[in-house]
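Asks: based on what follows, work out the 3D shape:
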Amino acid sequence: MKDYTILKIEQNNIVMVIIHTCESPFDYLQEIADDLRKLGYSGTVVFDELLHSGNNDERFIDSVFENGEFMEKSFQFLVVKKQDTLRQYLCDYLQNEQEYLQTSGLTTAQIKLIEKQCII
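Replies: Take a look at the predicted model:
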């Protein structure tokens, strides 16, 4: 089992990478790049680090994947509004993947909000 999940978000024309562990997404960049090449993907990649770093201003990282590799200088933190659909994707994902939710570093209150289908 991989330590991340890649979700293709058609309506936003992006790929979201959900990190399952408390480790940085940069520890998995080569593996993620390999998977994106296999998918033939090129475009925007958003990393959701809720399970890695919590629900803070550095939760989302935006990057560009072109010609089979991440553009090194494209990585930047992305500010995502509270009710944005990007936040909804992870909350929906965690509804079905309870083991990641329960083993995360999230607070009890945050876990309960997600379990009640609230967007955090």
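Asks: quick one, strands of this protein?
Replies: 4-9, 14-19, 43-48, 60-66, 69-70, 76-78 (DSSP state E).
Asks: Thr103 is nearest to which of these?
Replies: strand 14-19 (12.8 Å; C-beta to C-beta). Bear in mind the C-beta positions are built from the backbone N, C-alpha and C, glycine included.
Asks: residue contacts, the nearest residue to Gln88 once chain neighbours are set aside?
Replies: In this structure, Gln88 finds its nearest non-sequential neighbour in Ile119, 5.4 Å apart by C-beta to C-beta, 6 or more residues apart in numbering. Contact partners of Ile119, counting by C-beta atoms under 8 Å, 6 or more residues apart in numbering, are 82-83, 87-88, 91.
Asks: kindly reformat those residues as TSV containing pLDDT.
Replies: What follows is these, written out as TSV (pLDDT from 0 to 100):
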residue	pLDDT
Lys82	86
Gln83	84
Arg87	92
Gln88	90
Cys91	89
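Asks: out of the residues you listed, which are inside helices?
Replies: 87-88, 91 (DSSP state H).
Asks: follow-up on the earlier one: any idea which of the strands of the chain gets closest to Gln110?
Replies: That would be strand 43-48 among those, by C-beta to C-beta, at 13.9 Å.
Asks: what's in contact with the closest one?
Replies: 13-19, 25, 32, 36, 59-66, 70, 78, 86, 89-90.
Asks: returning to what we had before: make a markdown table from the strands of the chain and add mean pLDDT, distance to Gly54 and mean neighbour count to it.
Replies: Listed next are these as a markdown table, based on pLDDT from 0 to 100; distance: least, C-beta to C-beta, whole Å; neighbours: other C-beta atoms under 10 Å:
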| stretch | mean pLDDT | distance to Gly54 | mean neighbour count |
| --- | --- | --- | --- |
| strand 4-9 | 93 | 17 | 15 |
| strand 14-19 | 94 | 12 | 21 |
| strand 43-48 | 96 | 11 | 20 |
| strand 60-66 | 97 | 12 | 18 |
| strand 69-70 | 98 | 24 | 16 |
| strand 76-78 | 96 | 14 | 14 |
